[in-house]
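Asker: only geometry, no sequence info:
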């Protein structure tokens, strides 16, 4: 088997602003692809429009930088028509959740084997600073000078609401964390959503401040791993416990709490209730922000089902070419 | 009495099975070698109240000894299964037509629902009672099936077959073919097939026993026969078959991305059946995704098709444009219906022509092909696919509700006789030197399908550099690329425009496009029979236009452009042909042209 390095997937010179989170993500994607080992010629990277959607131009794979909002729909056709391809779909929060929201939820619902990257900087960068569907209520921007009067989408809720089977989160500056979720997304068959928290240095600087640095993540994030207790803090001194219908933060050793009391992460649990609770933490609520693979449940994929149906019907039906198809009709002969 | 041709219109409630009766009648007639043309006329309501005026559906069948080009203007026999059908459909009957009614559906309540004001609907509509066969169909069907064990609802569903039996008697049709049709259709419910067969026979016998009440027994002898094997086919089915045939010929997988919309949905239905041919259909979340996913499938190496009607084209136009700038093959099927907005969803128009030609942002040339008849939909779909694949471009295929739902006898095509389809795959020797917009001599760029090592590339909606394929905002380059895209489309070879009729010395040239072919042809033949010098030139290839277009259009002293819109083809031809000033005949009623109205209008131009 051919082995690849990150440079086998690299092309051109990225034109994003210096310091843009997209630079960090791109580098992690190159690295992840090399580790995954699928040949560049069997890889398609499909984006919509927006700063982050420029990404395919920096890939040495097949790819398309298409039109605003349609990346998931275009990727769907690409994967269904040619299931041998490994398809990555890259969108920003506007491309994926505003103009492309319908395609985002339906790709998840159908469970097409797409690796869907959502680069979330909570702002429209390419059009120079309007609020996005992930901007918090009250957000002041060029198109909301007095603050927005609407609530944002929380990507995990949309993904789960659309019956998504895979959701992971990473911070763009956290290369190992990003590579890990990208590899897991590839491993997962079916639609997999990776929310990448990414900073826009120009129009929304600091939006993910609390977790953008390694030190910040140590304090404010929790890395979740399937089968491991949900511990966090600089010395893993804190943990999550279930309480009633919700979660609570506890400190090990306090009030008699021991490691046994800590919730163990189950990304493979079909029931997404607790996974959703993990995914929604950290919105100024005293909980850490969850990073890593939050949900990863295997389910039949659309593309596999299409192939299986074609095979099954082919075995049953008696016609396999156009001439034979014609013969299935009521035919009469004029002599 | 021998007749050259006859038109029968079956009408009743939407649930009365008029289409089935009409289909069987046309099949029975086609089997003896008659030429056939059919047209269903559905109400737009999902299921209007039973017996109401808005719930009437019609199915018209035209059979002829010689070639027939249209489903006919007005009918010789009108079957009206209830009072509302008589009320709404009588306007489609000739003055001397035979009217067949189910008198059991003309009770006081039925008359009230049909807004009759007297208790004698025949007199109220001014119909000569001698021409009416008032048959107690419901009662006779009940009697006929009283021992069948079927419940009343199931029994009443067979009323259409009684009417069919009676019509078969009127035209001396062989019932065995009808029986075979029913046994095939209800293969899984033989008791239903046999019940229907008993009722057909009862209807036929009723006609036989009471023949004094009918005006005539008609016979349609077959004059010209084109030997071969035939099937009955609707335009939508023929379109679907054309795509299947093209994919097979090109050696590609067929992908359809679609969203249900009247009157195009039957193409999705048809293609969804044929998984054993590897056809992949995705019913998408919206029209946009239908087209967008097809662009993705095309990139991935399939013959990609998206099907819709006018409102869907509005939504697809952005992704169509993406295929224009990425120069990827794609067929966009527009089964035109009445507009604007939701308009007349079940009715037919030709009002999307300019939208197909120009309805996108930027300079966005796209070939446009318009199918001329139900059976021509097969060839048109094949040609559109071939053009898209060989010229790396999206192609708009226009049909319309009339052509899509109408049916005709279709001589089974032999794919060996169809031209090869050869997409311009990038040749191996260009490895290392190839860039995405490198072109062949005819201006067509090469196709590198993902999976091929060494030809990885990025396409996109942003303008690209002619040489490198990288994003470019260079003014000279954009101008160059715009021209190259336009030149490529303009250079696509299409057949010359054919002039039929009095090509040498016509005083009037009739010009049309797409689905009006049959009506315009029938009008021309009628005028020529009356001694007029008339010719006709009908456009199937609209962009690019045939090379001889200007020469043909400027050859005759008078030209009329007749179309089911407010003059879109005329405007386009005037833009393309200097000095071309035609007369126009425009109608947007949602109904097919009426040949007699065309003749009258064309006569007045002469």
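Answerer: Done, it's in. The structure displayed is predicted, hence computed values, not measured ones.

Asker: what residue, apart from its backbone neighbours, is nearest residue B:517 spatially?
Answerer: Spatial nearest neighbour of residue B:517, chain neighbours left out: residue B:372 (3.8 Å); criterion: CB to CB, 6 or more residues apart in numbering or on different chains. Where you see a C-beta, it was placed from the backbone N, CA and C, and this is true even at glycine.

Asker: so what pLDDT did the one you found get?
Answerer: Note for residue B:372: predicted pLDDT of 97.

Asker: so what pairs up with the nearest residue to residue B:5 once chain neighbours are set aside in the strands?
Answerer: Once flanking residues are discounted, residue B:5 sits nearest to residue B:64: 3.6 Å by CB to CB, 6+ apart. Per DSSP bridges, the residues bridged to residue B:64 are residue B:5, residue B:35.

Asker: show me the contacts for the closest residue to chain B within the stretch 151-300 of chain A.
Answerer: Closest approach between the stretch 151-300 of chain A and chain B, counting by CB to the nearest CB: residue A:162, at 10.7 Å. Residue A:162 is in contact with A:104-106, A:108-109, counting by CB atoms under 8 Å, 6 or more residues apart in numbering or on different chains.

Asker: for chain A, which residues score under the pLDDT cut-off?
Answerer: Across chain A, nothing is flagged by pLDDT under 70.

Asker: after the host helix or strand of residue B:96 comes which helix or strand?
Answerer: In this structure, residue B:96 sits in strand B:93-102 according to DSSP states H and E. Remark: after strand B:93-102, the chain's next helix or strand is helix B:108-113, criterion DSSP H and E.

Asker: just put the contacts of residue A:162 in JSON lines and tack on distance to residue B:500.
Answerer: JSON lines is the format used below for the contacts of residue A:162 (distance: CB to CB, whole Å):
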{"residue": "A:104", "distance to residue B:500": "53"}
{"residue": "A:105", "distance to residue B:500": "54"}
{"residue": "A:106", "distance to residue B:500": "49"}
{"residue": "A:108", "distance to residue B:500": "56"}
{"residue": "A:109", "distance to residue B:500": "53"}
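
Asker: now those: which count as buried?
Answerer: Using 16 or more other CB atoms under 10 Å in any protein chain shown as the burial test, these include A:104-106, A:108 as buried.

Asker: could I get these as a markdown table with distance to chain B?
Answerer: Putting the buried ones among the contacts of residue A:162 into a markdown table (distance: CB to the nearest CB, whole Å) gives the following:
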| residue | distance to chain B |
| --- | --- |
| A:104 | 10 |
| A:105 | 8 |
| A:106 | 4 |
| A:108 | 11 |
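
Asker: so of those residues, which ones are in helices?
Answerer: If you go by DSSP state H, the buried ones among the contacts of residue A:162 have A:104-106, A:108 in helices.

Asker: which of those residues sits closest to residue B:280?
Answerer: residue A:106 (16.8 Å; CB to CB).

Asker: how about the closest one, what does it touch?
Answerer: Listed by CB under 8 Å, 6+ apart, the contact partners of residue A:106 are A:72, A:162, B:284-285, B:289.

Asker: at 10 Å instead, please
Answerer: Residues near residue A:106 by CB atoms under 10 Å, 6 or more residues apart in numbering or on different chains: A:72-73, A:76, A:112, A:162, A:191, B:284-286, B:289.

Asker: can you get me a residue count around residue A:234?
Answerer: If you count neighbours by other CB atoms under 10 Å in any protein chain shown, residue A:234 ends up with 9.

Asker: let me know the closest of the ones in helices among the buried ones among the contacts of residue A:162 to residue B:588.
Answerer: Set against residue B:588, the nearest of these by CB to CB is residue A:106 (35.9 Å).

Asker: how far away is that closest one from residue A:116?
Answerer: Relative to residue A:116, residue A:106 is positioned 12 Å away (CB to CB, to the nearest Å).

Asker: overlap in contacts of these two?
Answerer: Jointly contacting residue A:106 and residue A:116 under the rule CB under 10 Å, 6+ apart are A:72, A:191.

Asker: ok, back up a step: tell me the secondary structure at the residue nearest to residue B:517.
Answerer: Under DSSP: H, G, I helix; E, B strand; the rest coil, the three-state class of residue B:372 is coil.

Asker: look up phi and psi at residue A:50.
Answerer: Note on residue A:50: its backbone torsions stand at phi 140, psi 170 [degrees, to the nearest 10].

Asker: neighbours around the residue nearest to it when sequence neighbours are not counted, how many?
Answerer: In this structure, residue A:50 finds its nearest non-sequential neighbour in residue A:92, 4.0 Å apart by CB to CB, 6+ apart. Residue A:92 is flanked by 34 other residues according to other CB under 10 Å.

Asker: same check on residue B:51?
Answerer: As a burial measure, residue B:51 scores 22 neighbours (other CB under 10 Å).
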